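>>> Predicted model and sequence below, questions to follow.
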Amino acid sequence: MAGKELVREVGPPVIDGEFYAHARHDVRSPLTAILGFSESMSEAIFGPLGHEKYTEYVTAIHQSGQGLEHILTAIMAILSLNADAIILSDDTIKAEQVLQELESSWSDRASDWGVALTFKLDTDSRALTADKRRLVQALDCILENALNYTDAGGRVTVSSGENGGGGLVFVVEDTGPGMTGPDLDIALAPFGRVPDAPAHGRPGAGLGINLAAGIMALHQGALSITCALGQGTKVELTLPKARLNL
């Protein structure tokens, strides 16, 4: 006896917390194995590989795996935003703490690339309530772009201060190539990459700006970009007055 004919209209997948958790596990597990085994092989833990070409291949595998991990981290972070899987912590922090963490992470790399990286710490700023880890993550995305696209001999400046509306703004300015209107549209689109190759580092997934903007939106804040071709780029990440402690 024939079964009843079934018809279903198929829509796009729902990116919820469960989908995010499964995707994270299914992607991370094989990548962790690739990175772990390739590192063990490159260090010849169980003995020599037998041919110098194998050593080159294993090194290339490990470096490619690290690049893939960097891209997947951004993709999974975007998925977590869409799945409402990010729950902010209410940390009581000061802007200078955020900038000091960024300085610790990026100063050596900027020096190696010949880029003058300056942090202007506002030690008189009021404390604020925000998720410190996520705030650093957002600024990391923007600072990485600024450094990657600024040639040796250029400058990147990171500062913070209260804005005219009583909120707090973090500013990342660079002397890089800047962007045209069409280039900016590309940069703001998910997976968008401007035609110019980065001066340093590796090309990213084209998700950093979107991730930073999403994190700022979770804080009821905003992200804005000001740029002109040949005149560098300025990115402002603003937190509302309500996030500053009296």
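Received it, and whenever you're ready, just let me know what you need.
>>> what secondary structure does Trp106 sit in?
Per DSSP: H, G, I helix; E, B strand; the rest coil, the secondary structure class of Trp106 is helix.
>>> Start the count at 718 instead of 1 going forward.
Taking 718 as the first residue, the last one we looked at is Trp823.
>>> Which helix runs longest in this structure?
Secondary structure of the chain read by DSSP state H shows that its longest helix is helix 769-799.
>>> tell me which residues of that helix are tucked away?
If you call a residue buried by 16 or more other CB atoms under 10 Å, then helix 769-799 has these buried ones: 775, 778-779, 782, 788-789, 791-798. No exception for glycine: its C-beta is placed from N, CA and C like everyone else's.
>>> swap in stretch 955-963?
Taking 16+ other CB under 10 Å as the basis for neighbour counts, the residues of stretch 955-963 that come out buried are 955-957, 960-961.
>>> about what we covered before: show me what the longest helix of the chain is packed up against.
Contact partners of helix 769-799 among helices and strands, from 3 or more CB pairs under 8 Å, 6 or more residues apart in numbering; DSSP states H and E: helix 734-759, helix 925-935.
>>> for the record, mean pLDDT for the shortest one?
Along helix 925-935, the predicted local confidence has a mean pLDDT of 89.
>>> And for the next helix or strand after that helix, what's in contact with it?
Heading C-terminal from helix 925-935, the first helix or strand you meet, by DSSP states H and E, is strand 939-944. Surrounding strand 939-944, the residues in contact under the criterion CB atoms under 8 Å, 6 or more residues apart in numbering are 855, 895-896, 901, 904-905, 926, 929-930, 933, 950-955.
>>> ok and the helix or strand of the chain at the bottom of the mean pLDDT ranking relative to helix 769-799, angle-wise?
Comparing every helix and strand of the chain by mean pLDDT, DSSP states H and E singles out helix 734-759 as the least confident one, with a mean of 79. For helix 734-759 against helix 769-799, the angle by axes from the mean of the first three to the mean of the last three CA atoms, to 10 degrees is 160 degrees.
>>> Measure how far helix 734-759 is from the centre of its chain, please.
Taking CA atoms, centre = their mean, to the nearest Å, one finds helix 734-759 lying 19 Å from the centre of the chain it belongs to.
>>> likewise stretch 848-865?
A distance of 6 Å separates the centroid of the chain from that of stretch 848-865, by CA atoms, centre = their mean.
>>> and the helix or strand encompassing Ala863, which residues are buried?
Using DSSP H and E, Ala863 sits within helix 849-865. Of all the residues in helix 849-865, those buried under the rule 16+ other CB under 10 Å are 849, 851-865.
>>> so it versus strand 939-944, what angle?
Comparing the axes of helix 849-865 and strand 939-944 via the same axes, to 10 degrees yields an angle of 10 degrees.
>>> Which other helices and strands does helix 849-865 contact?
Applying 3+ CB pairs under 8 Å, 6+ apart, one finds that helix 849-865 makes contact with strand 808-810, helix 812-829, strand 872-879, strand 885-891, helix 925-935, strand 950-956.
>>> Let me have those in a markdown table, extended by distance to Phe836.
Output for the helices and strands packed on helix 849-865, formatted as a markdown table (distance: least, CB to CB, whole Å):
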| stretch | distance to Phe836 |
| --- | --- |
| strand 808-810 | 16 |
| helix 812-829 | 5 |
| strand 872-879 | 5 |
| strand 885-891 | 10 |
| helix 925-935 | 18 |
| strand 950-956 | 15 |
